[in-house]
Each structure stands twice: as C-alpha cells, then as structure tokens.
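Participant: Provide a 3D model corresponding to the input given below.
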Amino acid sequence: MRLSLFLVPLLVSATVPGSEAEQPPVENVGTTMVAFGAHLDDHHAAGVEDLYKFLHQAIYGPGHAIPNREAAADWMDRELDGLGPSLEGEPASESLGGEPPLVRVNLRPFVASGGDPDLLVDAFVASANHDRGNSRRMEVVLSLAASYVQCAGRGELSPELKALSTELAEQGYPAIHHSEAYVDAYRPAYRVVDEALAAEHGWCDEPIER
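Facilitator: The predicted model follows:
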C-alpha cells in the first residue's frame with residue numbers, strides 16, 4: 001500500500017529540534033517525501049544507509065560524485081562494462097523529488113533502450129553543477145523520514161535512522177555508500193540527473209508523480 005500521498009501533509013507539518021526563531025525557513029519538501037515513501041515501499045531490503053543516501057541525493061544532487069567531466073565519463077565506461085544482465089521489472093528511472101526535482105536514471109534499462117552514454121554523462125555533469133541543498137533541508141527530511149518509517153510499518157528503522165542522522169550531521173552530512181544488503185538485492189547502477197533533462201531525453205518511463 002502506498003502511504004506517501006496520504007501521510008505527507010501530516011509529516012511535512014512536523015517540527016525538528018530548535019525553536020522557529022533559531023531556524024531558517026525551509027521550502028516545501030513534499031516532493032522529496034512522496035518519493036521517499038515510494039522508495040521505501042519498493043525496496044524492502046533498504047537499510048538506514050540506503051534511506052539516508054536517497055535523501056542525500058534528493059537534497060544535494062550528484063555534485064559530490066564528480067570532480068570533472070573526464071572522470072565522470074571514465075566512471076560511466078567502467079560501470080557499463082560491468083553491468084551484467086537486466087533485472088526483471090527494473091524501471092527506467094526513479095524519482096527523488098527535490099528542488100529542482102531529480103531522478104535516478106537506471107543504467108541497465110538505459111542501455112537496453114539504446115541510450116547514448118555521452119548524453120547521460122553530459123546530463124549528469126550539468127545536474128552536478130546546480131547549486132542546491134543545505135544542511136537545514138537535510139536535517140528536516142531526515143527528521144520527517146524517521147517519523148515516516150514508523151507510520152509505514154518499518155518502525156525498527158526509526159531509531160537507527162535517528163542515530164545515523166546525528167552521527168553524520170556532526171560530519172556535515174557526507175555522501176555514503178549503499179549497504180551490502182541493498183547491493184545484493186538490487187545491484188544499484190544509476191546516475192542522478194535533473195528530472196527535466198531526463199524527461200527531455202526520454203529516460204523516464206512514466207510521468208513523475210506530484
């Protein structure tokens with residue numbers, strides 16, 4: 001059952017520690033939380049590292065992953081060489097929400113549909129160059145996510161997500177890797193790009209939910 005649309009208005013009204021006077025305003029995070037709920041529904045093997053990574057990508061985008069275009073192209077070539085067979089039912093893309101909205105373009109469906117890797121590298125680099133996200137937004141979505149998993153029947157993840165969030169907040173919310181369980185279950189291979197660029201090139205297999 002998809003709980004996202006039903007619960008987002010409740011969750012977005014939640015507060016995080018600190019008085020309103022002490023905290024800068026945060027623009028709407030509803031699209032991120034809708035995408036987070038869908039991801040949780042579809043990825044039962046996701047652990048707290050994977051949920052944090054999803055939210056980190058939604059807030060900060062792919063900028064941390066790319067020093068320059070040449071490095072991005074080399075990384076793409078290496079990953080495409082080791083992709084392996086397609087996964088049954090793997091979607092072409094997955095929404096991350098965000099401001100502006102982002103998607104994960106899954107590489108196996110991308111290759112199977114005849115996608116041009118150079119175009120995807122260009123879109124990835126362009127998306128990485130956008131100024132987006134801040135620690136306050138990350139704090140808010142992590143707090144909402146810790147409440148959401150309880151409402152979605154995954155309450156065991158809530159204290160772990162809170163603990164990880166506290167630990168990584170002290171480090172400035174760095175990017176982290178997927179968990180071994182997630183890698184084994186889903187063999188993640190994707191690039192995070194602006195939704196508008198993905199849609200322009202036909203890399204989204206269905207309209208992004210709003």
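
Participant: Does anything pack onto the longest helix anywhere in the chain? Which helices or strands?
Facilitator: The residue-count maximum for a helix in the chain (DSSP state H) belongs to helix 135-151. If contacts are counted by 3 or more CB pairs under 8 Å, 6 or more residues apart in numbering; DSSP states H and E, helix 135-151 sits against helix 4-12, helix 30-42, helix 48-60, helix 157-169. No exception for glycine: its C-beta is placed from N, CA and C like everyone else's.

Participant: Distance check, the residue nearest the centre of the chain against Gly82.
Facilitator: Per CA atoms, centre = their mean, the C-alpha nearest to the average position across the chain is that of Phe54, at 3.1 Å. Distance from Phe54 to Gly82, counting by CB to CB, to the nearest Å: 23 Å.

Participant: do Gly114 as well
Facilitator: Distance, Gly114 to Gly82, using CB to CB: 19 Å.

Participant: Doesn't Cys204 belong to a strand?
Facilitator: No - using DSSP: H, G, I helix; E, B strand; the rest coil, the assignment for Cys204 is coil, not a strand.

Participant: hey, what's the nearest residue to it once chain neighbours are set aside bridged with?
Facilitator: Once flanking residues are discounted, Cys204 sits nearest to Ser93: 4.6 Å by CB to CB, 6 or more residues apart in numbering. Residues in a beta bridge with Ser93, per DSSP bridges, are Val105.

Participant: Next one: the residue nearest to the centre of the chain, what pLDDT does it get?
Facilitator: At Phe54, the model reports a pLDDT of 98.

Participant: Now do the contacts for it.
Facilitator: Phe54 makes contact with Ala35, Phe36, His39, Ala46, Leu96, according to CB atoms under 8 Å, 6 or more residues apart in numbering.

Participant: most surrounded residue in the residues you listed?
Facilitator: For the contacts of Phe54, the largest neighbour count, defined by other CB atoms under 10 Å, is 27 neighbours, found at Phe36.

Participant: Do I have it right that that one meets Ala145?
Facilitator: Yes - the pair Phe36 / Ala145 is scored as a contact, 5.9 Å apart, by CB atoms under 8 Å.

Participant: joint contacts of those two?
Facilitator: Taking CB under 8 Å, 6+ apart as the criterion, Phe36 and Ala145 both touch Leu51, Leu55.

Participant: just to revisit the earlier point, distance of the residue nearest to the centre of the chain relative to Val121?
Facilitator: Phe54 sits 22 Å away from Val121, taking CB to CB as the criterion.
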